[in-house]
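> here you go, sequence then predicted model.
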Amino acid sequence: MIRQRIDSLQVWSFENLLEYRGIGHFVSTRVGGHSTLPYDSLNLSFNVGDDPENVRKNRERLVEAIGIPLNSVTTAKQIHDDCVKVVSEELRGRGSVDYDGAINGTDAMVTNVPNTCLMILLADCVPLLFYDPSKEVIGVAHAGRKGTIRLIAQATTRALQEHFGCSTQDIVVGIGPSVGPCCYQVGQEVVSQFEQVFGTTQRIITNRSADGRGYLDLREANLRQLLDTGIPEENIEMARTCTCHHSDVFFSYRHEKGKTGRFGAGIFIR
């Protein structure tokens with residue numbers, strides 16, 4: 001990924017998605033906003049206890065830096081499931097200035113509507129950005145542990161195929177910063193869940209202990225899903241940055257023990 005500083009903001013971008021002039025995208029950080037502890041400082045979520053006015057200012061600062069209007073930003077009430085929402089013109093801008101207006105109960109969105117920015121909010125979960133340059137379709141997915149077990153990456157890919165006729169050979173994906181296997185130890189029950197879903201824990205669970213615990217690699221699990229759908233590995237770029245290790249740059253639910261803000265990952269058709 002490429003890191004840029006725009007005024008006081010740090011914004012990260014995927015090299016593979018930067019090749020396409022028809023879209024814009026971003027992964028924000030926690031740096032350069034208005035919020036105070038423990039949401040300091042570019043918290044983008046209305047649903048974590050931060051002052052809503054600070055969140056609105058933070059979003060205004062981000063979209064100004066990106067060069068898009070705030071009313072194009074479309075967000076969801078994320079529930080750690082596998083629901084994918086097709087965003088129509090009528091849904092454009094839902095949740096841009098408050099939480100109540102966000103799209104209900106979904107962790108992934110897809111659209112072919114221009115000037116619609118699909119944004120998910122994160123603090124350790126895996127952000128996935130999708131683009132099909134052949135069909136001019138974009139998508140986002142929020143993949144935490146539960147969403148990964150429910151195969152949210154595959155569900156998003158299927159939505160692109162079923163609703164827009166996309167071919168997996170054409171889909172380009174960015175897998176963004178998230179908690180890494182260095183910091184995410186899970187118990188035997190979770191290990192068993194991943195083994196049941198994926199048929200193996202190879203490269204997904206590492207450093208197994210005698211009591212069955214291990215370290216979970218959420219990014220690898222989502223990569224495995226994407227490859228299984230038929231998306232070529234060369235179409236996928238994966239960040240290796242751990243949000244927990246780099247909690248000075250990204251919000252980390254695990255590092256901050258639950259009380260923190262959210263950064264954003266978004267994509268839009270110009």
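Here it is on my side, so go on. Numbering: from 1, shown residues only.

> what is A143 paired to in the beta sheet?
For A143, the beta-bridge partners are V126 (DSSP bridges).

> how far away is it from V172?
Remark: distance between A143 and V172 (CB to CB, to the nearest Å) = 17 Å. Glycine gets a C-beta too; all of them are placed from N, C-alpha and C.

> with L62 instead?
Distance, L62 to V172, by CB to CB: 23 Å.

> circling back to that earlier point, which of A143 and V172 has more residues huddled nearby?
Neighbours were tallied for A143 and for V172 using other CB atoms under 10 Å; the higher tally belongs to A143 (31 against 21).

> touching, that one and A153? I think so.
Yes - judged on CB atoms under 8 Å, A143 makes contact with A153 at a distance of 6.1 Å.

> overlap in contacts, the two.
Residues touching both A143 and A153 by CB atoms under 8 Å, 6 or more residues apart in numbering: L128, N222.

> from the centroid of this protein, which residue is nearest?
What sits nearest the mean C-alpha location of the chain, by CA atoms, centre = their mean, is P127, with 2.0 Å.

> is it true that R158 lies in a strand?
No - per DSSP: H, G, I helix; E, B strand; the rest coil, R158 lies outside any strand segment and is helix.

> count of neighbours near it?
The tally of other residues near R158 (other CB under 10 Å) stands at 16.

> and stretch 238-249, what's buried?
Residues of stretch 238-249 classed as buried by neighbour count (16 or more other CB atoms under 10 Å): M238, A239, T241, C242, T243, C244, H245, S247, V249.

> quick check: closest non-adjacent residue to T201.
Once flanking residues are discounted, T201 sits nearest to E195: 5.0 Å by CB to CB, 6 or more residues apart in numbering.

> what about that neighbour, is that helix, strand or coil?
With three-state DSSP as the basis, the three-state label of E195 is helix.

> can you check H25 too?
strand.
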